[in-house]
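[1] have a look; sequence and predicted model below, questions after that.
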Amino acid sequence: MNFKALRKLLELKMRFFFRDPAATFFTLALPLLLLVVFGAIMGNKPGPNGFGYLDHELPSLVAIVIATIAWMGIPIEISQEIEKNILRLFKTTPLGPYYFLTDIVANSLIAVGGFVILLLIGGLFYGLKMGNLLAMAFTFMLVVVALFSTGYLIAVAPTSRAAQAIGQTTFFVNLFLSGATFPREIMPNGLQLFSDLLPLTHAVNLLKGAWLKEGLAFPSLIYLICLTALVVGFGLRGRKINALTHPAY
């Protein structure tokens, strides 16, 4: 493994991300804008459990950051690189399949950056109460792995347009029906049952339980672990993924 080449590629990927206004806005600016709007309207007065409205919303906004990268960023970027044969070219270099490691690290760093920005702005301007950082770090990594794995699977759709359409549909359905933006309690019973099937619902449940010191939501924990195992297992059997990641394929 050529660590110097990987580091250079990581720097290049981060530079490309910040040069893309749409990616930067939807990934970093939009969740921050929602934080500001919620803070201006609802404030953050502590409730009976010591946490205010924004304290309860922070995990949802963090989940939105991760979901934006997973379903709006990864499928578009990787599918376009597949169509342009960029990944096949990387396969012939010393980087080989480790290219994907760089991509995962870059996207993970962006997700962490989004979380830190929300935490800093929320703390400075709205008195955000600090939750359980250790538990949040564990659940954050689990959610990143689970949602990113689905994004990479979507990226191997037959065309980049198909990958983009599937990714965007997945994102918006999860965004509006998972409880990340609108409370699930106001939804009809049928939509609530459908919401239980969505990955972002369980990501929000898990992050909220960790941040608000309510303990791990074990049904959501099991759901995300099983989802990751299924997606990775299915992906490893795919001929298209094997062709991109195995030099001898």
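    Now that the structure is in, tell me what you want to look at.
[2] who's in contact with stretch 167-175?
    In this structure, residues lying in contact with stretch 167-175 by CB atoms under 8 Å, 6 or more residues apart in numbering are 64, 67-68, 71-72, 74-76, 150-151, 154-155, 180-181, 198-201. Where you see a C-beta, it was placed from the backbone N, CA and C, and this is true even at glycine.
[3] can we see that at 10 Å?
    With contact meaning CB atoms under 10 Å, 6 or more residues apart in numbering, stretch 167-175 is reached by 26, 63-64, 67-68, 70-76, 79, 147, 150-151, 154-155, 157, 180-182, 194-195, 198-201, 203-204.
[4] which of the residues you listed are buried, as a ChimeraX select command?
    The buried subset of these, as determined by 16 or more other CB atoms under 10 Å, is captured in ChimeraX by this line:
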select :26,63,64,67,68,70,71,72,73,74,75,76,79,147,150,151,154,155,157,180,181,195,198,199,200,201,203,204
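[5] in this protein, where is pLDDT below threshold?
    Counting by pLDDT under 70, the chain has low-confidence residues at 1-2, 91-97, 236-249.
[6] and the helices in it?
    With DSSP state H applied, the chain shows helices at 3-18, 21-24, 30-42, 53-68, 74-83, 86-91, 99-126, 133-154, 160-177, 189-195, 199-211, 218-236, 239-245, listed in chain order.
[7] list the contacts for the most centrally placed residue in the chain?
    Geometric centre of the chain, nearest residue: I66, 2.0 Å, by CA atoms, centre = their mean. Remark: with contacts taken as CB under 10 Å, 6+ apart, I66 is in contact with 27, 31, 107-108, 110-112, 114-115, 140, 143-144, 146-148, 151, 200, 203, 207.
[8] rerun that using 8 Å as the cut-off
    Counted by CB under 8 Å, 6+ apart, I66 has contacts 111, 114, 140, 143-144, 147-148, 203.
[9] show me how far stretch 26-37 is from its chain's centre.
    Once both centres are worked out by CA atoms, centre = their mean, to the nearest Å, stretch 26-37 turns out to sit 15 Å from its chain's centre.
[10] identify each buried residue in it, please.
    Neighbour counts using 16+ other CB under 10 Å place 26-28, 30-32, 34-35 of stretch 26-37 among the buried residues.
[11] and what of stretch 9-27?
    Counting neighbours by 16+ other CB under 10 Å, one finds that the buried residues in stretch 9-27 are 9-10, 13-14, 17, 23, 26-27.
[12] any idea how far N189 is from the nearest residue to F182 once chain neighbours are set aside?
    Once flanking residues are discounted, F182 sits nearest to F176: 6.6 Å by CB to CB, 6 or more residues apart in numbering. Shown here: F176 relative to N189, a distance of 17 Å by CB to CB, to the nearest Å.
[13] returning to that earlier point: farthest-separated two in the buried residues of stretch 9-27?
    Spanning the widest gap among the buried residues of stretch 9-27 are L9 and F26, at 23.3 Å by CB to CB.
[14] which residues does K45 contact?
    If a contact means CB under 8 Å, 6+ apart, then K45 has 52-53 as its contacts.
[15] re the thing from before, would you mind telling me which of F176 and N189 has more residues around it?
    Counting neighbours by other CB atoms under 10 Å for F176 and for N189 shows that F176 has the greater number, 15 against 7.
[16] I'd guessed that one sits against M187; true?
    No. Between F176 and M187 no contact is recorded; they are 9.8 Å apart, counting by CB atoms under 8 Å.
[17] quick one: the residue nearest to V62 when sequence neighbours are not counted and M130, what's the gap?
    Closest residue to V62 in three dimensions, ignoring its sequence neighbours and counting by CB to CB, 6+ apart: F115, at 5.0 Å. Distance from F115 to M130, counting by CB to CB: 13 Å.
[18] neighbour count: the two, which is higher?
    A side-by-side neighbour count of F115 and M130, using other CB under 10 Å, places F115 first with 21 against 10.
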